[in-house]
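# this one's structure only:
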């Protein structure tokens with residue numbers, strides 16, 4: 001079973017499919033995986049999200065890490081895991097959600113915006129931290145956090161991330177990114193997503209190459 005560190009080493013981009021419908025999610029998921037994505041998230045404020053998670057897990061659970069996003073309660077966490085999610089993500093830190101994930105044996109990435117939230121989430125058992133909203137908090141926040149967070153902590157930048165602002169966050173020490181509307185908008189077909197995915201992968205590889213060359 002693929003873990004978050006495994007998936008992030010392969011491709012540290014999370015495809016956030018907010019608004020996706022169950023009848024289109026497999027085609028879009030196939031396009032993303034073919035493009036190189038290994039982490040796909042269905043936010044729970046999408047139409048029939050548990051059906052979409054179940055469909056993705058059945059089709060691609062052995063090739064990608066399928067996650068549920070915007071998980072706000074322990075009950076939602078249980079429903080998402082029952083549907084096949086192996087990663088739970090949230091815009092906030094709620095200890096009940098983190099504990100529910102741990103009880104079910106899945107990884108969890110809560111959203112944090114302060115150092116206090118970050119350490120509380122790690123103490124509760126979070127597998128990674130979601131800097132949210134990343135564009136507003138800025139790469140400087142990650143740089144400051146890196147001075148005090150455990151070295152092995154995975155920090156993902158999510159919120160307002162697109163092909164044009166990956167470099168400063170990589171330089172600051174993020175492990176990956178969540179891509180939402182820059183990758184998928186409700187109504188986009190698989191061909192549209194394929195073009196956006198190819199651009200995102202190319203932008204990440206270019207930014208990573210520049211970072212390593214410094």
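Good, I have the coordinates. Model, not experiment: these values are computed from the prediction. Numbering: from 1, shown residues only.
# switch to C-alpha atoms for all contacts and neighbour counts from now on
OK.
# next structured bit after the strand or helix carrying residue 41?
Using DSSP states H and E, residue 41 sits within strand 39-43. Next helix or strand after strand 39-43 toward the C-terminus (DSSP H and E): helix 49-60.
# Could you check the angle the helix or strand just after that following helix makes with strand 39-43?
Going down the chain from helix 49-60, the next helix or strand is strand 65-69, by DSSP H and E. Calculated by axes from the mean of the first three to the mean of the last three Cα atoms, to 10 degrees, strand 65-69 forms an angle of 30 degrees with strand 39-43.
# I'd like the distance from strand 65-69 to the chain centre, please.
Centroid displacement of strand 65-69 relative to its chain, using Cα atoms, centre = their mean, to the nearest Å, is 7 Å.
# just stretch 135-142 next, same as before
Using Cα atoms, centre = their mean, the offset of stretch 135-142 from its chain centre is 17 Å.
# quick one: contacts for residue 115?
Residues in contact with residue 115 (Cα atoms under 8 Å, 6 or more residues apart in numbering) are residue 145.
# Could you measure from it over to residue 129?
Distance, residue 115 to residue 129, using Cα to Cα, to the nearest Å: 11 Å.
# Equivalent analysis for residue 180, please.
Taking Cα to Cα as the measure, residue 180 falls 17 Å from residue 129.
# okay, the two: which has more neighbours?
In terms of neighbours (other Cα atoms under 10 Å), residue 129 is the more surrounded of residue 180 and residue 129; the figures are 29 against 19.
# The more buried one against residue 152, yeah?
No. Taking Cα atoms under 8 Å as the definition, residue 129 is not a contact partner of residue 152, at 11.4 Å.
# so where does the residue nearest to residue 74 when sequence neighbours are not counted fall, helix or strand?
Using Cα to Cα, 6 or more residues apart in numbering and skipping residues adjacent in sequence, the residue nearest residue 74 is residue 97, 4.7 Å away. Using DSSP H and E, residue 97 sits in helix 95-104.
# what's the next secondary structure element after that helix?
Of the helices and strands lying after helix 95-104 in sequence (DSSP H and E), the nearest is strand 107-109.
# residues in contact with that following strand?
With Cα under 8 Å, 6+ apart, strand 107-109 has contacts from 3-4, 86-90, 98, 101-102, 126-130.
# and the residues you listed, which of them are in strands?
Secondary structure from DSSP state E places 87-89, 129-130 of the contacts of strand 107-109 in strands.
# quick one: residue 79 is in a helix?
Yes. Applying DSSP: H, G, I helix; E, B strand; the rest coil, one finds residue 79 inside a helix.
# I'd say it and residue 50 touch.
Yes. Here residue 79 reaches residue 50: they are 7.4 Å apart, a contact under Cα under 8 Å.
# between those two, which one's more packed in?
Between residue 79 and residue 50, residue 50 has the larger neighbour count (other Cα under 10 Å), namely 23 against 14.
# Just the pLDDT at that one, thanks.
For residue 50, the pLDDT comes out at 98.
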